[in-house]
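Novice: Attaching a predicted model along with its sequence, questions to come.
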Amino acid sequence: MLLATPGAIEAVDGKDVADALSRHAGGDWGEIPPDDVAENELALKEGYRIHSSYTSSTGIRFWIITEADRSVTTVLLPDEY
């Protein structure tokens, strides 16, 4: 299931979200520190939550989080976490 928060829907263009979702699904975690990249790589193997961070074409930072059981992926703004 794919969800987006009201703030993300309002602030981020759908194309930017689609592009980021494609990157997220492909293992490109966007703009996160190396330690978080390592955590995501471990999460893929161990079944933990995955977190990515991207910047829209208009400069809005947004996150994508996939839950540990892979049942839900949510697009949100950092201040909505």
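Specialist: Okay, I see it.

Novice: Next, the residue positioned nearest the centre of the chain: secondary structure please.
Specialist: Centroid-nearest residue in the chain: residue 64, 1.6 Å away (criterion: CA atoms, centre = their mean). Classification of residue 64 using DSSP: H, G, I helix; E, B strand; the rest coil returns strand.

Novice: beta partners of it?
Specialist: Beta-bridge pairing for residue 64 (DSSP bridges): residue 52, residue 75.

Novice: That one contacts residue 74, correct?
Specialist: Yes: between residue 64 and residue 74 a contact is recorded at 7.2 Å, counting by CB atoms under 8 Å. C-beta coordinates here come from the backbone N, C-alpha and C atoms, glycine included.

Novice: Run through who's touching stretch 56-70.
Specialist: Identification of contacts with stretch 56-70 by CB atoms under 8 Å, 6 or more residues apart in numbering yields 8, 11-13, 15-17, 20-21, 24, 30-31, 43, 47-55, 72-78, 81.

Novice: what do you get for stretch 23-36?
Specialist: For stretch 23-36, the external contacting residues (CB under 8 Å, 6+ apart) are 20, 37, 40, 44, 50-55, 61, 64, 66, 73.

Novice: Using TSV, lay out these together with pLDDT and distance to residue 3.
Specialist: TSV is the format used below for the contacts of stretch 23-36 (pLDDT from 0 to 100; distance: CB to CB, whole Å):
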residue	pLDDT	distance to residue 3
20	98	14
37	97	24
40	98	19
44	94	21
50	98	15
51	98	15
52	98	15
53	98	17
54	98	16
55	98	20
61	98	18
64	98	10
66	98	11
73	98	7
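
Novice: circling back to that earlier point, what's the PyMOL syntax to select whichever of the contacts of stretch 56-70 are buried?
Specialist: Buried residues among the contacts of stretch 56-70 (16 or more other CB atoms under 10 Å), as a PyMOL selection:
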select buried, resi 8+11+12+16+17+20+21+24+30+43+50+51+52+53+54+73+74+75+76+77
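
Novice: Strands of this protein, residue ranges please.
Specialist: Along the chain, the segments classed as strands by DSSP state E run 2-4, 50-55, 61-66, 73-76.
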